[in-house]
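# okay, structure incoming, though there's no sequence with it:
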């Protein structure tokens with residue numbers, strides 16, 4: 001295109017007819033070979049001028065050099081292509097299927113958040129001699145795409161946190177209910193004792209699971225992500241109440257069982273076959 005423009009600038013001089021010597025009267029058309037009409041113009045003077053010839057060669061070279069420099073500058077923006085080239089739904093589905101820990105979510109959230117911060121720090125214009133790149137639309141698209149990945153990850157993290165929280169709550173409610181059972185038979189006693197043993201063996205694991213849920217919600221807050229659905233506070237409160245209830249019931253169960261043992265011992269002596 002540049003070569004055509006330069007050529008046209010020279011070719012257009014054919015429209016400028018020369019004047020006759022010592023006057024301002026245009027030269028009349030002349031007959032050339034085979035009755036061809038020749039217009040006497042400034043074209044021959046300009047097209048054969050050494051400076052014009054030099055400029056006609058240099059301009060395309062300079063433009064080519066400018067374009068190469070711009071392409072080199074734009075190469076660094078290609079690293080953001082996966083933001084919109086990858087199928088986000090498929091990537092998120094595969095990631096969630098691995099049941100990743102909170103640290104894995106945090107790493108990815110930090111990666112995409114860093115992209116937005118990095119792009120925001122870049123200049124939105126790039127001047128290369130006579131060309132100015134307006135990078136505002138490109139930067140906006142990159143930031144919007146990065147934010148959409150952050151939101152998608154936040155949604156998965158929030159869902160995993162709620163699912164684990166409600167699972168903990170239900171498990172604690174079940175243990176609390178089992179502890180409140182009055183041991184009137186040997187099987188009931190075994191059941192309550194087994195529940196107490198289960199609580200003791202699971203206490204550390206349950207606490208770690210609860211801390212993990214807290215960390216997931218803390219991570220969401222750090223990246224300014226909001227969880228849709230029921231609010232978190234009531235759910236955490238219910239879980240805390242259930243945990244406290246289980247602890248109290250576990251502490252109260254043994255004295256209650258000890259009080260019941262004499263009565264149950266008499267029953268077993270009176271009815272040794274009863275189990």
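Received the coordinates, thanks. Treat the numbers as computed from the prediction; the structure is a model and nothing was measured. Residues are numbered from 1 along each chain as shown.
# can we go C-alpha only for contacts and neighbour counts from here?
OK.
# how does the chain divide into domains?
With domains defined by automatic domain parsing, the chain comprises 1-77, 161-270.
# tell me where the chain has helices.
Counting by DSSP state H, the chain has helices at residues 2-11, 43-47, 50-75, 82-85, 88-97, 102-121, 136-179, 186-222, 232-270.
# mind putting these into a markdown table with distance to residue 30 and mean neighbour count?
Shown next, in a markdown table, are these (distance: least, C-alpha to C-alpha, whole Å; neighbours: other C-alpha atoms under 10 Å):
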| stretch | distance to residue 30 | mean neighbour count |
| --- | --- | --- |
| helix 2-11 | 19 | 14 |
| helix 43-47 | 15 | 15 |
| helix 50-75 | 26 | 13 |
| helix 82-85 | 64 | 13 |
| helix 88-97 | 72 | 12 |
| helix 102-121 | 65 | 15 |
| helix 136-179 | 57 | 18 |
| helix 186-222 | 84 | 16 |
| helix 232-270 | 94 | 15 |
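# including mean pLDDT and distance to residue 25, could those helices go into a markdown table?
Shown next, in a markdown table, are the helices of the chain (pLDDT from 0 to 100; distance: least, C-alpha to C-alpha, whole Å):
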| stretch | mean pLDDT | distance to residue 25 |
| --- | --- | --- |
| helix 2-11 | 81 | 22 |
| helix 43-47 | 85 | 18 |
| helix 50-75 | 90 | 27 |
| helix 82-85 | 91 | 66 |
| helix 88-97 | 93 | 74 |
| helix 102-121 | 93 | 64 |
| helix 136-179 | 88 | 56 |
| helix 186-222 | 82 | 83 |
| helix 232-270 | 55 | 93 |
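# make a markdown table out of those and add distance to residue 28.
As requested, these are exported to a markdown table (distance: least, C-alpha to C-alpha, whole Å):
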| stretch | distance to residue 28 |
| --- | --- |
| helix 2-11 | 20 |
| helix 43-47 | 16 |
| helix 50-75 | 27 |
| helix 82-85 | 65 |
| helix 88-97 | 73 |
| helix 102-121 | 65 |
| helix 136-179 | 56 |
| helix 186-222 | 84 |
| helix 232-270 | 93 |
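# quick one, which of these is nearest to residue 129?
With C-alpha to C-alpha, the closest approach to residue 129 among these belongs to helix 50-75: 7.3 Å.
# quick one: distance of that closest one to the chain centre.
The chain centroid and the centroid of helix 50-75 are separated by 39 Å, computed with C-alpha atoms, centre = their mean, to the nearest Å.
# same question, stretch 106-121
8 Å.
# then stretch 211-218?
20 Å.
# stretch 137-153 too?
With C-alpha atoms, centre = their mean, you get 7 Å for stretch 137-153.
# who touches that stretch?
80, 83-84, 88, 92, 105, 108-109, 112-113, 115-116, 119-120, 124, 225 (C-alpha atoms under 8 Å, 6 or more residues apart in numbering).
# mind doing that once more with 10 Å?
77, 80-84, 88-89, 92, 95-96, 105-106, 108-120, 122-124, 136, 154-155, 157-159, 220, 223-226 (C-alpha atoms under 10 Å, 6 or more residues apart in numbering).
# likewise stretch 31-38?
With C-alpha under 10 Å, 6+ apart as the test, stretch 31-38 has contacts from 28-30, 39.
# out of the helices of the chain, which gets nearest to residue 17?
helix 43-47 (9.0 Å).
# which strands or helices does that closest one pack on?
helix 2-11, helix 50-75 (3 or more C-alpha pairs under 10 Å, 6 or more residues apart in numbering; DSSP states H and E).
# with distance to residue 100 added, can I get those in a markdown table?
Output for the helices and strands packed on helix 43-47, formatted as a markdown table (distance: least, C-alpha to C-alpha, whole Å):
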| stretch | distance to residue 100 |
| --- | --- |
| helix 2-11 | 55 |
| helix 50-75 | 33 |
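# scan the contacts of stretch 31-38 and report the most crowded one.
residue 39 (19 neighbours; other C-alpha atoms under 10 Å).
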